[in-house]
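[1] Kindly generate the corresponding structure for this input.
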Amino acid sequence: MGKAQKYVLLGDATYPLQDWILKPYQEDENLSQRQLQFNYRLKRAHSVIENAFLRLKARWQILLKCDDCSLELLPTLVLACCILHNVCEAHDNPFNEEWLEGTEPTELPKPCQPAPAAMEDGRAEQVRELMCQYFESCGEG
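    As a prediction, this is how the structure comes out:
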């Protein structure tokens, strides 16, 4: 869309809208078709991410038992598993679906209440709007 953007994290409605956290538009009857499409695409991206983490944990089941290692080692262990996982995926190393047995999708902790409006960044709406325009220009999918 002609404007450089930095990376963003995906959040749900409970997170504050920041220029680095994309969250969906609040669901109500006043949403435009464009905003509904944005929300749909954000949900699809979120499900891809959940699937990637499920595959990561299934391939490297040591991540399911991280309480066995020291806290100092944990970031290095997770990073090593991510790198090895990406190498395996990039080289089409077969993923054994049986690995998924015993690997449950886990609901990550998140805030129970929506963030107060005061925590929202006014510039973030511009980022969300730009992404909304981008999704619209890409067509359906």
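[2] Residue 130 and residue 3 touch, don't they?
    Yes. Using Cβ atoms under 8 Å as the test, residue 130 is close enough to residue 3 to be in contact (6.3 Å). (Each C-beta comes from the backbone N, C-alpha and C, glycine too.)
[3] So for those two, which sits in the more crowded spot?
    More neighbours sit around residue 130 than around the other of residue 130 and residue 3, counting by other Cβ atoms under 10 Å; the figures are 14 against 8.
[4] and that one, what element?
    If you go by DSSP states H and E, residue 130 is part of helix 122-138.
[5] And the contacts of that helix?
    Where contact means Cβ atoms under 8 Å, 6 or more residues apart in numbering, the residues beyond helix 122-138 that reach it are 1, 3, 5, 8, 17-19, 21-23, 25, 34-35, 37-38, 41.
[6] repeat that with 10 Å
    Helix 122-138 is contacted by residues 1-3, 5-6, 8, 16-25, 32-35, 37-42, 121, 141 when judged by Cβ atoms under 10 Å, 6 or more residues apart in numbering.
[7] so of those, which ones are in helices?
    Among those, the members falling in helices are 33-35, 37-42 (criterion: DSSP state H).
[8] okay if I get those residues as JSON lines plus distance to residue 58?
    Compiled in JSON lines, these are given as follows (distance: Cβ to Cβ, whole Å):
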{"residue": "33", "distance to residue 58": "37"}
{"residue": "34", "distance to residue 58": "36"}
{"residue": "35", "distance to residue 58": "35"}
{"residue": "37", "distance to residue 58": "32"}
{"residue": "38", "distance to residue 58": "31"}
{"residue": "39", "distance to residue 58": "29"}
{"residue": "40", "distance to residue 58": "27"}
{"residue": "41", "distance to residue 58": "26"}
{"residue": "42", "distance to residue 58": "25"}
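[9] Quick one, which of those are buried?
    Buried residues within those, defined by neighbour count using 16 or more other Cβ atoms under 10 Å: 35, 37-39, 41-42.
[10] Let me have these in TSV, extended by pLDDT and distance to residue 57.
    Compiled in TSV, these are given as follows (pLDDT from 0 to 100; distance: Cβ to Cβ, whole Å):
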residue	pLDDT	distance to residue 57
35	91	33
37	91	31
38	92	29
39	93	27
41	92	25
42	92	23
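[11] Much appreciated, bye for now.
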